[in-house]
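**Student:** Prediction below, plus the sequence it came from.
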Amino acid sequence: MIYAFLGGLVLLLMVIGISNTYDASKLPFLKKVLKVFIILALIFGLVFLVVTGRLSAIYAILGGLTIWLIRLLQLGILYKNFKEVFKFKKKVSKDSDMDIKEAYEILGLKPGATKEEINKAYKDLMSKLHPDHGGNEYFAMRLNLAKDILLKKK
């Protein structure tokens, strides 16, 4: 019985395809007929599964599809977050217009500090502001940039 409905659906699709090439004015009517036919086929298929006791197959399919849908949504969320992180990193890394005075202020040093003082101040601040220790990426990147600017100057 199911095969008869599927065969009828294929036949209807073929008729729509053929009529589409000859007379486009009948297309809205044929679309409505196709929708009704598909809805009736789904209802008949559901009734058939209930009568024959095979409805559990539908539940199994829906359960499997739900798991995959959740995984796809998680991947979408990860992809979105991944893109946001790289936009943020590009924005901060392009923001290298930091001058030497600002770099000294960020590290809490006075102009003319030695390499050892710069490295010590950097390590102390980074241990407090690193993202792994409760800080955030922005401050960590600004510290890295300040250290790089001051050490290049030396």
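**Tutor:** The structure has been received and is ready for your questions. Residues are numbered from 1 along each chain as shown.
**Student:** what about Ala146, which SS state?
**Tutor:** Counting by DSSP: H, G, I helix; E, B strand; the rest coil, the backbone at Ala146 sits in helix.
**Student:** what about it, how many residues close to it?
**Tutor:** Residues near Ala146, counting by other CB atoms under 10 Å, number 24. C-beta: built from backbone N, CA, C; applies to glycine.
**Student:** per-residue pLDDT, it?
**Tutor:** If you check Ala146, the pLDDT there is 88.
**Student:** from here on, count from 820
**Tutor:** Will do, 820 is the new start, and the previous item becomes Ala965.
**Student:** List the contacts of it.
**Tutor:** 917, 921-923, 925-926, 941 (CB atoms under 8 Å, 6 or more residues apart in numbering).
**Student:** Could you identify the buried members of the residues you listed?
**Tutor:** Buried subset of those (neighbour count, 16 or more other CB atoms under 10 Å): 922-923, 925-926, 941.
**Student:** Take those and lay them out in CSV including pLDDT, distance to Leu859 and secondary structure.
**Tutor:** Formatted as CSV, these follow (pLDDT from 0 to 100; distance: CB to CB, whole Å; DSSP: H, G, I helix; E, B strand; the rest coil):
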residue, pLDDT, distance to Leu859, secondary structure
Ala922, 87, 73, helix
Tyr923, 90, 78, helix
Ile925, 89, 71, helix
Leu926, 90, 74, helix
Tyr941, 92, 72, helix
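**Student:** Need the max-distance pair from the residues you listed.
**Tutor:** Greatest spatial distance in those: Tyr923 and Tyr941, 11.9 Å, computed using CB to CB.
**Student:** Spell out for me which residue occupies the centre of the chain.
**Tutor:** Nearest to the geometric centre of the chain sits Gly895, at 2.6 Å (CA atoms, centre = their mean).
**Student:** Worst mean pLDDT across the helices and strands of this structure, which element?
**Tutor:** Scoring the helices and strands of the chain by mean pLDDT, DSSP states H and E places helix 821-841 at the bottom, with a mean of 64.
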